[in-house]
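> Here you go, sequence then predicted model.
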Amino acid sequence: MKLKVLAAALAMVSVQASAQDNTPRISATIDAYYKSDNSALGGREEGFGLGHTELSIQHRFADLLDARLTAVAEWNDEEHGADVEEAYLETLQLPAGFTLKAGRFLADLGYLNAQHTHADNFAERPSVYRAFLGGHYYDDGLALRALLPTDIFWQLSAAVFTGDHLGAFESGSTVGAWTLSTKLGDDIDESQSWQAGVSYLRNRMELHAEHEDEDDHDEHAGHSHGAAYAGEHLYIADAVWKWSPSGNNKSEQLTLATEYFRVTDITDEAGAGHHDGWYASAVYRFATEWSLGLRYGDLDVRQEHEEGEFEDAGLKETTVMLAWNPAHTQTVRLQYTHQNADELSGEDNTVLLQYLISFGAHDAHSY
Amino acid sequence: MRTVIKGLLLCLAGVIAMPVQALNIFACEPEWAALARQLAPDATVFSATHAYQDPHYIEARPSLIARLRRADIAFCSGAELEAGWLPALQQRAADPAVRDGLPGMVYAADIVSTIEKHQVSLVGRGHVHAQGNPHLHLDPERVEDIAKAFSQRLQRIDSDNADLYQQALATWHAHWKKKKLQWRQQSLILRDQQIVVQHTTFSYLWRWLRMKPVADLEPSPGVPPTLSHLDGLVTALKDKQPRAIVYNWYQSEKSPRWLAEKTGLPLLSLPSTVSKKDGIETLEQLFDHLIAQLRTTVQ
């Protein structure tokens, strides 16, 4: 509980601080879409709607701390709501490559989780993210990051969270979750670079009260539905490789990314098995304003259909997208997804049209 | 045994006598890396970009984060040239030495004035530099001021070796002044000559050489050439006598070539910065090369 109070207090400080500042960096991103049908494992609701529409305020205090507040709203035929997704303070002056972050923030997990969704190459996160992290996992907590003074990029990160945003679980203890992750990366030559990492999430919430149902959105006011499939341990391995001619990524770039997720100890009962899944994606920017992407994901989960009785369920998903960026602040994306679901509800084929526009000082996108 | 002990002692002496670790300099662009190498001869200098890269669009790659992490001083153009990637590097590198506003973070645009300041619109047309043209290293006068200020920062950060930096600056400066006279002499025939450009990369150079850019392939700075704009240029250039269409090594040849074919003007591809593999290692060599190339178009 202490952790939660601390996080809330820090969030308050960052809110007030942002309001006081003369020159806060303010940015807004609007994400409007149309989706033809509901698909398995959430993502976006069918029909017209607003996806991850966010307003973000950043401020720096005397070169000591960075503060950030991000409010997110979503709206569609089924539900609408708003939430604070980030409200944190981050240190700038710790020695030896250390950074301490406190408040509410995106966890350092896998390749995509710490990135803002509007920077994604696809309109919906891969099925492993939707199934095991509720799309993206953010929570109240404390995180320590260290960048080692090595020739190649090597980052270590550890965090503790309240666990409240993991899903609809009973709260167990003050620290409902903790994470560990490491990332390595370097250039291969002028044109090629890579990054790879492993992450671990320990879920300490009371999992047994869980009765997940991906169609049940009623109890959530916001867009965060938490993990549909959880376990005590989540392991992630991720790798990214990028190529652009002589390192000029403006008009040509190929990005290959893949991640593997494994969730174990899904219940106390023996023989329940584990969940796992992976995806691989290729995105090719073939002109300054155009990119084309292909993603394939495979998910294998264990579903409890009766008390203590588990059966296999799965989802194979193929996504193709074409994105047009008339300016670097705007994106129009057309996406087609084919799902092959086993014991999961959803349409076989969905078409999604997305329009993204951002205003104000927006961040440089991370690697 | 004696020789072993002697050897060990020698090693130990070597370790103790070893100078303080060389200064680590992170340059955003090759021109500042080249200048830093001359002004801090003993330092380890790294350039984040190279001559065939457009410094406006660089990915905040892991390798760059790791490099900045170990930097004692960072040397960049500023005026928003690196706005798309340097802040991300600074944030991820978690190196307190190279935060904005500290002695370890040097922006050339904070030292000298800039030209071509533009208004920024809400929804961007390309990248517009509200703080002016950041390609400052193409003005020999501004380079002088930047070199002096950078040397002062070196002396401040690494005060033990201040004399060394002062000497290096004096040597560099004497040579630079001589070269400036030579370039003035060589560029007399370039004076008032017209050229067609693509992007405002060389604006400072045109001013210094007193050459006249009469048309830009970009409809506005940072916006790639469009067919309608190029069409307009074909007509607009009819009553002018530009000597050449100048473009940059990192730019695509497509648009300049199209215009060259329509107008019959010669094409001239120039490096906007130093490139070791092309034999242009210093800023002096860069100006030598640029002026020699430009002279070929008027002879």
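In hand now; what should we look at? Residues are numbered from 1 along each chain as shown, chains lettered A, B, ... in the order given.

> ranges for the helices of the stretch 51-200 of chain B?
In the stretch 51-200 of chain B, the segments counted as helices under DSSP state H, counting those that start in this stretch are B:62-69, B:86-93, B:108-111, B:140-157, B:162-186.

> which of the ones you listed is buried the deepest?
The highest mean neighbour count among the helices of the stretch 51-200 of chain B belongs to helix B:62-69 (a mean of 24), with neighbours defined as mean count of other C-beta atoms under 10 Å in any protein chain shown. The C-beta positions use only the backbone N, C-alpha and C, and glycine is treated the same way.

> How far away from the center of its chain is that one?
With C-alpha atoms, centre = their mean, to the nearest Å as the basis, helix B:62-69 stands 20 Å off its chain's centre.

> Now that helix: average pLDDT?
Confidence over helix B:62-69, taken as the mean pLDDT, stands at 96.

> which residues does residue A:199 contact?
In this structure, residue A:199 makes contact with A:108, A:109, A:110, A:179, A:180, A:181, A:182, A:235, A:236, A:238, judged by C-beta atoms under 8 Å, 6 or more residues apart in numbering or on different chains.

> can you rerun that using 10 Å?
Under the criterion of C-beta atoms under 10 Å, 6 or more residues apart in numbering or on different chains, the contact partners of residue A:199 comprise A:107-111, A:113-114, A:157, A:179-183, A:234-238, A:259, A:261.

> same check, this time on residue A:99
Residue A:99 is in contact with A:66, A:90-93, A:143-147, A:155, A:157, B:91-94, counting by C-beta under 10 Å, 6+ apart.

> In strands, which of those residues appear?
Applying DSSP state E to the contacts of residue A:99, the entries found in strands are A:66, A:90, A:91, A:143, A:144, A:145, A:146, A:147, A:155, A:157.

> And residue A:256, how close does it get to residue A:338?
In this view, residue A:256 and residue A:338 are 21 Å apart by C-beta to C-beta, to the nearest Å.

> my bad, should have said residue B:280
In terms of C-beta to C-beta, residue B:280 sits 53 Å off from residue A:338.

> higher neighbour count, the two?
Neighbours per residue (other C-beta atoms under 10 Å in any protein chain shown) separate residue B:280 from residue A:338, with residue B:280 holding more: 21 against 15.

> For the residue lying closest to residue A:91 once chain neighbours are set aside, pull up the helix or strand it's in.
The spatially closest residue to residue A:91, leaving aside those adjacent along the chain, is residue A:100, at 4.6 Å (C-beta to C-beta, 6 or more residues apart in numbering or on different chains). The secondary structure element spanning residue A:100 is strand A:98-106 (assigned by DSSP states H and E).

> Report the central residue of chain B.
By C-alpha atoms, centre = their mean, chain B has its centre lying nearest to residue B:31, at 3.7 Å.

> Regarding it, which helix or strand does it belong to?
Taking DSSP H and E as the definition, one finds residue B:31 inside helix B:30-39.

> Identify each buried residue in whatever helix or strand residue A:84 lives in, please.
Assignment of secondary structure by DSSP H and E places residue A:84 within strand A:80-91. Neighbour-count burial for strand A:80-91, with 16 or more other C-beta atoms under 10 Å in any protein chain shown as criterion, is recorded at A:82, A:83, A:85, A:86, A:87, A:88, A:89, A:90, A:91.

> on that earlier part again, could you check the angle helix B:86-93 makes with the strand holding residue A:100?
For strand A:98-106 and helix B:86-93, the angle between their directions (axes from the mean of the first three to the mean of the last three C-alpha atoms, to 10 degrees) works out to 110 degrees.

> Direction included, what does strand A:98-106 pair against?
Using DSSP bridges, strand A:98-106 pairs in its sheet with strand A:80-91 (antiparallel), strand A:138-147 (antiparallel).

> Show the average pLDDT along it.
Along strand A:98-106, the predicted confidence averages to a pLDDT of 97.

> Repeat that for stretch B:223-240.
Over the span of stretch B:223-240, the pLDDT mean works out to 91.

> hang on, isn't residue B:196 packed against residue B:218?
No: the pair residue B:196 and residue B:218 does not pass the contact test of C-beta atoms under 10 Å, sitting 11.2 Å apart.
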